[in-house]
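1. After the sequence you'll find the predicted model.
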Amino acid sequence: LSSDIDRLQDAVRAFAEARDWEQFHTPKNLAMALAAEAGELLEIFQWLTPEESRLEASESAFESARSEIADVLIYALRLTDVLQIDLVEAIEAKMQMNASRYPVQLAKGNAAKR
Ligand SMILES: [Mg+2]
């Protein structure tokens, strides 16, 4: 997994470098772009019923969601690259925090925020 992430991060960096876009890839701009792409993802689901939100009835909505999820993650990869955050370590640390914040015996079947 770590090498897949490295490979993707290298590809996204090379894409930006080839276009001389590093100048635009400040952490602020990348965070804003990530949030904008998350908004594009959200827009696909806006007003759908819970059942419709499974996207089983709309191939075009499914493809749009697939594409916007990729956009979100591309910006997450780029932002962590620019900030020199180890994405695998960051996710593992966060999952550990979540595990202690939501112990199974308290959180099982219960979506309450703690
Ligand atoms: Mg997009």
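-> Everything's here; your move. In this text the structure is predicted, and so the values were computed from the model without any measurement.

2. drop to CA atoms for contacts and neighbour counts, all remaining ones
-> Fine.

3. With adjacent residues omitted, what lies nearest to residue 77?
-> Residue nearest to residue 77 in three dimensions, not counting chain neighbours: residue 9, with 5.7 Å by CA to CA, 6 or more residues apart in numbering.

4. buried ones in the helix or strand that contains residue 6?
-> Taking DSSP states H and E as the definition, residue 6 sits inside helix 2-18. Within helix 2-18, the residues scored as buried using 16 or more other CA atoms under 10 Å are 6, 9, 12-13, 16.

5. do stretch 31-39 as well
-> Going by neighbour count (16+ other CA under 10 Å), the buried part of stretch 31-39 is 31, 33-34, 37-38.

6. Next, the contact list for the residue nearest to the spatial centre of the chain, please.
-> In the chain, the residue lying closest to the centroid (CA atoms, centre = their mean) is residue 73, at 4.0 Å. Residue 73 is in contact with residue 34, counting by CA atoms under 8 Å, 6 or more residues apart in numbering.

7. next one: residue 25
-> Going by CA under 8 Å, 6+ apart, residue 25 touches residue 82.

8. Low-confidence regions, this protein specifically.
-> Within the chain, the ranges that satisfy pLDDT under 70 run 1.

9. near the ion, which residues of it?
-> With CA under 5 Å from the ion as the criterion, the chain comes near the ion at residues 37, 68.
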